[in-house]
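Engineer: attaching a predicted model along with its sequence, questions to come.
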Amino acid sequence: MQAPSVGGVMLPRGNGQAVRLSRGASLTDFAEKINANPASLVGVMMNLGEMVTATQSVPDETLKMLADEMNFVLEIVSPEEEDRELLESFDIEFGEDEGGEEALVSRPPVVTVMGHVDHGKTRLLDAIRKTNVVAGEAGGITQHIGAYQVGAEVNGEDRRITFIDTPGHEAFTAMRARGAKSTDIAILVVAANDGVMPQTIEALNHAKAADVPIVVAVNKIDVEGADPVKVRGQLTEFGLVAEEYGGDTMFVDISAKQGLNIEALLEAVVLTADASLDLRANPEQDAQGIAIESHLDRGRGAVSTVLVQRGTLRIGDTVVVGDAYGRVRAMLDDKGENVEEAGPSTPVLVLGLTNVPGAGDNFLVVDEDRTARQIAEKRAARERNANFARKGVRFSLENLDEALKAGLVQELNLIIKGDASGSVEALESSLLQLDVGEEVDIRVLHRGVGAVTESDINLATGSDAIVIGFNVRAAGRAAQMADREGVDVRYYSVIYQAIEEIEAALKGMLKPEYEEVELGTAEIREIFRSSKLGNIAGVLVRSGEVKRNTKARLLRDGKVIAESLNISGLRRFKDDVTEIREGFEGGINLGNFNDIKIDDVIATYEIREKPRG
């Protein structure tokens, strides 16, 4: 196979050579890897029917098509691998404890509470930390990821346990899964009166995927109809066998409402951690960990709840959190009190960041502000390129409009703003997973933390987007601007309401589907000739009913003779009628169609729009 050439210039032939590129790479990036001129690759793409400039971010599929054409093997570097390589270029090892065994000390277990909606997860956390979280939540559903540390006495020894408070509704699957990844142990809450429910299984699968031990809290044992034994039997089917049945999973019967057996549950968590896990970290190294939740605070700026996983975080440290960076100005614990330092497994609210990082972003302490800025800027550029590539649609401006008109593609553009990054990401993830068929695409043009701004309205105006505000409102003149420009801004305080409305809007964009509904059949018994109307069929209606102005087909000996005929006239004796029912005789006029014979069958039908499920 000959190497491709553009304008007489021969291009390199890969012969199966691997090329590593990051998401959203450009043709210039590709050209540097294979020592070619970027302009010549633009020419190759034109030959392949793709209009791509040398510097624009290109989707992975487009790069793969180019690589295949030139006989290269394309390897897209995963975000995790890319980030590791970025940190290695600054001589930083993330996720590793420095020093030997002697440097490691015991740390508290990090616990996530999971389970079905309404089974009492928030009330359990409420009972554990003796504060009322439920009252401030819309719809009684937890909207944010927070983190809390509590004390427990086990075998006469004071122990600490860190709880990551993940939301419980199924719409927050993305956040729950991410919570499990930063978790040592999962508490699975199951209501004794309800038993195992769909989200119980979903939560169980997340915990298993994260490879974390599980402690089962059988809640609501004080409610009528409670059957803790039944819960144990049900969970046995999913591989969770209680210790009393010879298994290795601890089950604790509790009542979060009454505060029963909460201490026993905490003890079970500590004992499970001691038996199953080696929870140690080096508190002397530079701090590393994960961002649990972030938001924009009016008085404090960008703040982020971080969980220190190794090392000790101190005031004055220079940190990078995802694509945000800054010097730690202050740290607050879960009670809102100032702290000077935070060791392994300690959650703290950090002040001093340049912008709001994403939930689940890793954080690390670096030596210099300049290093932090460089890492953050490279991460931001990489994410921006990946987003540009993801937004790329394989249509030029010329044929995109034609494709929309032809129904080849339909899109609903969204801009999502919220009060916290975890909620925004969960809402985006849930919306992108909506299944409304292949005809409609959903694109999130922009998502961010904070109020809806004029910039958001400008973007929505230029791209016909709907703006979703989750627990935030339009700021300043943004609301007036939205009214003036006719931008649809929708506000929500409970995520599943947003999902239901967007799903309905998506289904409304689908092209209507139609189905044929048979109305009735009539057998021709006699034919009457009319100089004015042509042939009129004297019929006996065999089934259903025959209606005027409906469609019909003519059958002769079981074969279709004519399609799409129109019942233009119906008579009973000398009267014009609108319908003739089964068992009655009458006359049918098929308009200009006159090729009818005795014993022919007229089958009538109508086309109705199918309701979307």
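Structural biologist: Done, it's in.
Engineer: distance of Glu96 relative to Asp317?
Structural biologist: Look at Glu96 and Asp317: by C-beta to C-beta, to the nearest Å, they are 18 Å apart. C-beta coordinates here come from the backbone N, C-alpha and C atoms, glycine included.
Engineer: those two: who's more crowded?
Structural biologist: Counted by other C-beta atoms under 10 Å, Glu96 and Asp317 do not tie: Asp317 has more neighbours, with 22 against 10.
Engineer: please look at the more buried one and Val328 and confirm they touch.
Structural biologist: Yes - using C-beta atoms under 8 Å, Asp317 is in contact with Val328, at 5.0 Å.
Engineer: what's the neighbour count on the closest residue to Leu434 other than its chain neighbours?
Structural biologist: In space, and not counting its chain neighbours, Leu434 is closest to Glu503: 5.3 Å by C-beta to C-beta, 6 or more residues apart in numbering. Residues contacting Glu503 under the criterion other C-beta under 10 Å number 16.
Engineer: give me the low-pLDDT residue ranges for the stretch 101-250 of the chain?
Structural biologist: Where the stretch 101-250 of the chain drops to pLDDT under 70, the residues are 130-145, 166-181.
Engineer: can you give me the helices in it?
Structural biologist: 121-129, 173-181, 198-209, 228-236 (DSSP state H, counting those that start in this stretch).
Engineer: which parts of the longest one are buried?
Structural biologist: Okay, so that is helix 198-209. Using 16 or more other C-beta atoms under 10 Å as the burial criterion, the residues of helix 198-209 that qualify are Gln199, Thr200, Glu202, Ala203, Leu204, His206, Ala207.
Engineer: ok, the fourth one to Ala372 distance?
Structural biologist: Applying C-beta to C-beta, the value for Ala203 to Ala372 is 36 Å.
Engineer: could you identify the longest strand within this structure?
Structural biologist: strand 514-530 (DSSP state E).
Engineer: in that strand, what's buried?
Structural biologist: For strand 514-530, the neighbour count (16+ other C-beta under 10 Å) marks Leu519, Gly520, Thr521, Ala522, Glu523, Ile524 as buried.
Engineer: now stretch 371-380
Structural biologist: Those would be Thr371, Ala372, Arg373, Gln374, Ile375, Ala376, Lys378, Arg379, for stretch 371-380 by 16+ other C-beta under 10 Å.
Engineer: for the third one, which non-adjacent residue is spatially closest?
Structural biologist: It refers to Arg373. In space, and not counting its chain neighbours, Arg373 is closest to Tyr325: 5.8 Å by C-beta to C-beta, 6+ apart.
Engineer: show me what the helix or strand hosting that neighbour is packed against.
Structural biologist: Using DSSP states H and E, Tyr325 sits within strand 324-332. Strand 324-332 sits against strand 301-310, strand 313-314, strand 318-321, strand 346-353, helix 369-391, with contacts defined as 3 or more C-beta pairs under 8 Å, 6 or more residues apart in numbering; DSSP states H and E.
Engineer: report all helices and strands that the first one contacts.
Structural biologist: Yep, that's strand 301-310 we're talking about. Here strand 301-310 touches strand 146-154, strand 288-297, strand 324-332, strand 346-353, going by 3+ C-beta pairs under 8 Å, 6+ apart.
Engineer: returning to that earlier point: the residue nearest to Leu434 falls within a strand, correct?
Structural biologist: No - assigned with DSSP: H, G, I helix; E, B strand; the rest coil, Glu503 falls outside any strand and is helix.
Engineer: I figured it hits Gln433, correct?
Structural biologist: No - between Glu503 and Gln433 there is no contact under C-beta under 8 Å: 10.6 Å.
Engineer: wait, Gln199 touches His116, no?
Structural biologist: Yes - contact criterion C-beta under 8 Å: Gln199 and His116 qualify, at 4.0 Å.
Engineer: render the CA-only coordinates of stretch 274-285 in PDB, please.
Structural biologist: What follows is stretch 274-285, C-alpha atoms only, in PDB (Å, rounded to 0.1, in the frame of the first residue of the first chain):
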ATOM      1  CA  ASP A 274      -9.100  -3.600  61.700                       C
ATOM      2  CA  ALA A 275      -9.900  -7.100  60.400                       C
ATOM      3  CA  SER A 276      -9.900  -6.400  56.600                       C
ATOM      4  CA  LEU A 277      -7.700  -3.300  56.000                       C
ATOM      5  CA  ASP A 278      -4.300  -2.000  56.700                       C
ATOM      6  CA  LEU A 279      -5.200   1.700  57.200                       C
ATOM      7  CA  ARG A 280      -1.900   3.500  57.600                       C
ATOM      8  CA  ALA A 281      -0.400   6.600  56.000                       C
ATOM      9  CA  ASN A 282       2.700   8.800  56.400                       C
ATOM     10  CA  PRO A 283       1.700  12.000  58.200                       C
ATOM     11  CA  GLU A 284       5.100  13.700  57.600                       C
ATOM     12  CA  GLN A 285       5.100  14.000  53.800                       C
END
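Engineer: pull the distance from it to the chain's centre.
Structural biologist: Offset of stretch 274-285 from its chain centre (C-alpha atoms, centre = their mean, to the nearest Å): 33 Å.
Engineer: ok, and what's touching that stretch?
Structural biologist: By C-beta atoms under 8 Å, 6 or more residues apart in numbering, the residues outside stretch 274-285 that reach it are 97-99, 103-109, 184-185, 213, 273, 309-312, 343-345.
Engineer: just give the number of residues close to Gln497.
Structural biologist: Gln497: 15 neighbours (other C-beta under 10 Å).
Engineer: grab the most central residue of the chain for me.
Structural biologist: Ser429 (1.6 Å; C-alpha atoms, centre = their mean).
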